[in-house]
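Visitor: Pasting the sequence and the predicted model now:
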Amino acid sequence: MSLDADLLADRRRLRRRLTLWRALAILSVFGALAVLAGLRSDQVLPGAAHVLRLPVSGFISEDRRVIEALEEAAKNASVRALIVAIDSPGGTMAGGEALHAALRRFAERKPVVAVMGATAASAGYMAALPAQRVFARESTVTGSIGVLLQSFEVSELLERAGIRPQVFASGPLKDQPSLFRPLTEEGRAAMDRVIQDLHAQFVGMVAAGRHMDADRARSLADGRVFTGRQALEAGLVDAIGGEREARSWLAAERQVPETLPIRDVRTRGTAERLLSSATETVMKSLFSEWLGVDAPRALWQPSR
């Protein structure tokens, strides 16, 4: 009996060791593949002329590393132009504003083209505005020029549960909006002033970026989305196409050869990018709302 027990214990230890080594082997393979993918995507000799590509995807928030990378690229003589590849439903107003400003500064020194993918709405559309040429697919969903500030209140639910929250605020608007009481008329007016000011900022970016009359820009800024074809007709984009058409335009209008290699802006490691793409939207859209008041957002929400 003791011999059988010892054999069983040895076998279990051996299985655990094999499982550990197999897991390490799999991780090593994935790590090697990630390194090779990174090397392949950056096959540009140091100092060689190239076109930079900035992928803008997922939820847009202020990213200091992206802004710094754009600042450095604008001063780098080997960077001939920038392609902004957008596939994003939007993000925070502050994040969109920061990216817009960085791209505008870059465009003052070098050519910038924007290429819209499946979605380039709200702050995603804002990112395209500094470009000298904006391309969209016919089926791209873009526009959604507007600002959203939302919260919720659970006062009736708390009352049914016999819970009476106590709130101490320095002024009548400090707790507006609040989870624990309905929005007052004064609070609603204050929130509306914030929204209208942010909306005016967005409209100003559209008017300046698209060389459009302010009234015309305002008429398009009611939050609706457009297909790529509709956006072209409305003057929100310049042409139908993708990266190939963008390269052709750069060659014809800005003398940037189509033969130049493209290099992506890299500010994060592979593991960080994977983790960010998996958790960023959840953290921004769920946790912020659960805690009460979300940041003002230029974000397209199809459910609305």
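Guide: Happy to help now that I have it. Numbers count the residues shown, from 1 in each chain.
Visitor: going forward, measure contacts between C-alpha atoms and count neighbours the same way
Guide: OK.
Visitor: Ala118 falls within a helix, correct?
Guide: No. Ala118 is assigned strand when assessed by DSSP: H, G, I helix; E, B strand; the rest coil, not a helix.
Visitor: gap between it and Pro55?
Guide: 13 Å (Cα to Cα, to the nearest Å).
Visitor: Give me the common contacts of those two.
Guide: Taking Cα atoms under 8 Å, 6 or more residues apart in numbering as the contact rule, the neighbours common to Ala118 and Pro55 are Asp87.
Visitor: can I assume Ala298 sits in a strand?
Guide: Yes. According to three-state DSSP, Ala298 belongs to a strand.
Visitor: how far away is Gly187 from Lys174?
Guide: 9 Å.
Visitor: Which of these two has more residues huddled nearby?
Guide: Counted by other Cα atoms under 10 Å, Gly187 and Lys174 do not tie: Gly187 has more neighbours, with 18 against 11.
Visitor: So that one, which state does it fall into?
Guide: helix.
Visitor: check contacts around it.
Guide: Contacts for Gly187 (Cα under 8 Å, 6+ apart) come out as Leu173, Gln176, Pro177.
Visitor: Could you provide those residues in TSV, with additional columns for distance to Val206 and secondary structure?
Guide: Converted to TSV, those look like this (distance: Cα to Cα, whole Å; DSSP: H, G, I helix; E, B strand; the rest coil):
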residue	distance to Val206	secondary structure
Leu173	32	coil
Gln176	30	coil
Pro177	29	coil
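Visitor: Arg229 and Asp238 touch, don't they?
Guide: No. The criterion here is Cα atoms under 8 Å, and Arg229 misses it with Asp238 at 10.2 Å.
Visitor: So which elements touch the helix or strand where Gly90 lies?
Guide: Per DSSP states H and E: Gly90 is located in strand 79-92. Counting contacts by 3 or more Cα pairs under 8 Å, 6 or more residues apart in numbering; DSSP states H and E, strand 79-92 is packed against strand 50-60, strand 112-121, helix 123-126, strand 297-299.
Visitor: Next secondary structure element downstream of that strand?
Guide: Once strand 79-92 ends, the next helix or strand along the chain (criterion: DSSP H and E) is helix 93-107.
Visitor: Let me know the average pLDDT across the helix or strand where Glu72 lies.
Guide: For Glu72, the host element (DSSP H and E) is helix 64-75. Mean pLDDT, helix 64-75: 96.
Visitor: Could you do stretch 183-194 as well?
Guide: Mean pLDDT, computed over stretch 183-194, is 88.
Visitor: Go through it and flag the buried ones.
Guide: Leu183, Gly187, Met191 (16 or more other Cα atoms under 10 Å).
Visitor: OK, contacts around Glu153?
Guide: Counting by Cα under 8 Å, 6+ apart, Glu153 touches Ser178, Leu179, Phe180, Arg181, Pro182.
Visitor: How many residues are close by Arg218?
Guide: By other Cα under 10 Å, the residues close to Arg218 number 19.
Visitor: How about Gly223?
Guide: 17.
Visitor: so where do the strands sit in the stretch 151-300 of the chain?
Guide: 225-227, 239-240, 262-264, 297-299 (DSSP state E, counting those that start in this stretch).
Visitor: Show me the one of those strands that comes nearest Tyr125.
Guide: Among the strands of the stretch 151-300 of the chain, strand 297-299 comes nearest to Tyr125, with 9.4 Å by Cα to Cα.
Visitor: Low-confidence ranges, the stretch 1-150 of the chain, go.
Guide: Within the stretch 1-150 of the chain, the ranges that satisfy pLDDT under 70 run 1-11, 16, 18-46.
Visitor: which residues sit in contact with Pro111?
Guide: Pro111 is in contact with Arg80, Ala81, Leu82, Ala131, Gln132, Leu250, Arg254, counting by Cα under 8 Å, 6+ apart.
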